[in-house]
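**Q** 3D, please:
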Amino acid sequence: MQRLTGYFREVRAELLKVIWPKRKEVIKLTGTVVILSVIVSAYLGALDYLFARALELLLVQ
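**A** Numbering: from 1, shown residues only. So this is what the prediction gives:
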């Protein structure tokens with residue numbers, strides 16, 4: 001039981017050393033991730049559509 005208690009004390013001590021980002025920074029980085037995700041999704045969706053159409057044209061003829 002003492003090992004478990006010691007483990008959690010060490011975890012708490014390490015968490016107190018962490019420098020957490022400010023709210024403004026978190027919001028900015030979250031927005032960046034969302035925008036990049038939308039851009040990459042649109043790009044991959046367009047590629048998928050083009051390849052599907054090209055394959056359809058090749059198979060129909």
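
**Q** contacts, neighbours, all on C-alpha from now
**A** Noted.

**Q** Can you classify P21 as helix, strand or coil?
**A** Assigned by DSSP: H, G, I helix; E, B strand; the rest coil, the conformation of P21 is coil.

**Q** Check the offset of stretch 42-51 from the chain's centre.
**A** Centroid displacement of stretch 42-51 relative to its chain, using Cα atoms, centre = their mean, to the nearest Å, is 21 Å.

**Q** If you count neighbours, what's buried in that stretch?
**A** By 16 or more other Cα atoms under 10 Å, stretch 42-51 has no buried positions at all.

**Q** For it, give me every contacting residue.
**A** Under the contact criterion Cα atoms under 8 Å, 6 or more residues apart in numbering, stretch 42-51 has no outside partners.

**Q** Alpha carbons only: can I get it in CSV?
**A** Only the C-alpha atoms of stretch 42-51 are listed here, as CSV (Å, rounded to 0.1, in the frame of the first residue of the first chain):
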residue,chain,number,x,y,z
ALA,A,42,-11.9,18.6,-48.2
TYR,A,43,-8.7,17.8,-50.1
LEU,A,44,-9.1,14.1,-49.5
GLY,A,45,-12.8,14.2,-50.3
ALA,A,46,-12.0,15.9,-53.7
LEU,A,47,-9.4,13.3,-54.5
ASP,A,48,-11.7,10.5,-53.6
TYR,A,49,-14.4,11.9,-55.8
LEU,A,50,-12.0,12.4,-58.7
PHE,A,51,-10.6,8.9,-58.5
